[in-house]
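Asker: okay, structure incoming, though there's no sequence with it:
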DNA sequence: TCAATTACTACACGGCGTTCAGTAACAGCA
DNA sequence: TGCTGTTACTGAACGCCGTGTAGTAATTGA
């Protein structure tokens, strides 16, 4: 039973985020200014401090929202491919990630780059949760591929002690049978998807390369080789 | 024969860059402010406009300098390994890249991230040259590995028309015998080195992973497999 | 020695995040 | 209904910022 006050408050808080998001897509992450938001809302900048203690708090809420949306897209892309097609799932998630990043470069930058001058990410919070969610998708992909991938891995000797205890506990809860080396591999998969996309979003591939998406597709295919889940691998 | 004036001018210009660099390493890229630099030099902010037309121009000079230093480190790392050890060279360059990035995260961010709010990279200039230099190192590595790597590549059909004409011309001048597919592979190598390092620098690996360097090393080794230059490959 | 160029200051403008005292509208309670 | 405490907001201020512009002092070359 939200009171009238609470409802108005929640709406205002939501409107602030929405305007911030729009300002960002229009003028890049640096266009998120409390004064500009307040101007659009017909308020004073100081009034916003009733909703977010500081600008970084607002940015954080944005990051959490955006990261959560990304995780949702990745999950949807994965679930659109049948479970018995691990290669297809990797390709789908990978493409979904790049599609999202290329279509919303500012949001990518906000999450994966320096969000704003002097910004420092807080420890816990919704943003960390969303990051974990997105990461869990990749870990799941690796988990499905693990029977094949583990055979081709040369560097073993990974131990749960190589990870943060809390992090390890969460992962082991979600994937009870997964060895630590698989988690390490999932991180590498993350890095591999991140690399070309980050270069592209920050303008280091274009215009030298006309079709960065093609490069990325080749990289994804090569990634499935590393995971041992190409059709040829699995027929073996 | 630099006149006294020219000498002082060059020195001042250099001092500005040095202070900007120091401010950045102390307080992140956003700490580069003309007023802070002027304060340290005992001048007014306006005076700096005699040396750089705008703050972005100064940032650009910084980027060029830093990028050039990075390219130098990569070249040195490569040349420290004998020419007949392509795997060693890839590992050396890769490690040099990460070592540099981890030890100078702000500089990495300045080059590969959003340098500053609203900053737009200019087209030509020294920065682009340095980026090309660093990229050329990778292309050279791929060129050396190409006899082995070409056999394992599934996606061919690359054409020089897939690249910017000017870019293609420069590459073909430096590596006359290299096919376009190799250039595409070099870009992928770049992305692969970039991914994990970017995630680490922006704080997405720590503290979940205690030793990101180990992940990266595994990734580099896997990369040499893609390039077909592991000792086992070359003995074949 | 004198005129021209150069390097710089002082000041102003509009932008920013943030704080704070004050005000007006609202909520619940008598 | 009226009263009271809470809430939402304003307006002004502080100290930052990049950037222009007019004026001044020093240095230069003839």
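Answerer: Alright, I've got the coordinates. It should be emphasised that the depicted structure is a prediction, and the values quoted were computed from it without experimental measurement. Numbers count the residues shown, from 1 in each chain, chains lettered A, B, ... in the order given.

Asker: pLDDT below threshold where in chain A?
Answerer: Scanning chain A for pLDDT under 70 picks out A:1-2, A:115-124, A:155, A:236.

Asker: flag every residue of it that's near DNA strand C.
Answerer: A:3-5, A:32-36, A:45-46, A:49, A:54-56 (CB under 7 Å from any atom of the strand). In this view, the C-beta of every residue, glycine as well, is placed from N, C-alpha and C.

Asker: tell me which two of these sit farthest apart.
Answerer: Among the residues of chain A next to DNA strand C, the pair separated by the greatest distance (CB to CB) is A:3 and A:33, at 31.1 Å.

Asker: close to chain B, is the longest helix along chain A?
Answerer: Ranked by residue count, the top helix of chain A under DSSP state H comes out as helix A:126-152. Yes - contact between helix A:126-152 and chain B, assessed by CB under 8 Å from any CB of the partner chain, occurs at residue A:131.

Asker: could you say what helices and strands that helix packs with?
Answerer: In terms of contacts (3 or more CB pairs under 8 Å, 6 or more residues apart in numbering or on different chains; DSSP states H and E), helix A:126-152 is packed against helix A:55-79, helix A:86-103, helix A:165-174, helix A:180-201, helix A:212-227.

Asker: just those: most buried one?
Answerer: helix A:180-201 (a mean of 24; mean count of other CB atoms under 10 Å in any protein chain shown).

Asker: and stretch A:14-33, how far from the chain's centre?
Answerer: Centroid separation between stretch A:14-33 and its chain, computed with CA atoms, centre = their mean, to the nearest Å, is 19 Å.

Asker: is it up against DNA strand D anywhere?
Answerer: No - Stretch A:14-33 stays clear of DNA strand D (CB under 7 Å from any atom of the strand), getting no nearer than 9.5 Å.

Asker: which outside residues touch that stretch?
Answerer: When contacts are defined by CB atoms under 8 Å, 6 or more residues apart in numbering or on different chains, stretch A:14-33 is touched by residues A:36-37, A:40-41, A:48, A:51-52, A:55, A:58-59, A:61-62, A:65-66, A:104, A:106-107, A:109-110, A:113, A:115-117, B:114, B:117-118.

Asker: just checking: which of those residues also lie near DNA strand D?
Answerer: residue A:51.

Asker: just the buried ones among the contacts of stretch A:14-33, please.
Answerer: Buried by 16 or more other CB atoms under 10 Å in any protein chain shown: A:37, A:48, A:51-52, A:55, A:58-59, A:61-62, A:65-66, A:104, A:106-107, A:109-110, A:113, A:115-117, B:114, B:117, out of these.

Asker: residue A:224 versus residue A:86, what's the distance?
Answerer: 8 Å (CB to CB, to the nearest Å).

Asker: for stretch A:184-195, the distance to its chain's centre please.
Answerer: For stretch A:184-195, the distance from its own C-alpha centre to the chain's C-alpha centre is 12 Å (CA atoms, centre = their mean).

Asker: and for stretch A:105-113?
Answerer: 9 Å.

Asker: hmm, stretch A:95-109 in reach of chain B?
Answerer: Yes - Stretch A:95-109 is in contact with chain B by CB under 8 Å from any CB, via residue A:109.

Asker: and the contacts of that stretch?
Answerer: Contacts of stretch A:95-109 with the rest of the structure, by CB under 8 Å, 6+ apart, involve A:24-25, A:28-29, A:66, A:70, A:73-74, A:76-77, A:115, A:193, A:196-198, A:200-202, A:213, A:216-217, A:220, B:113-114.
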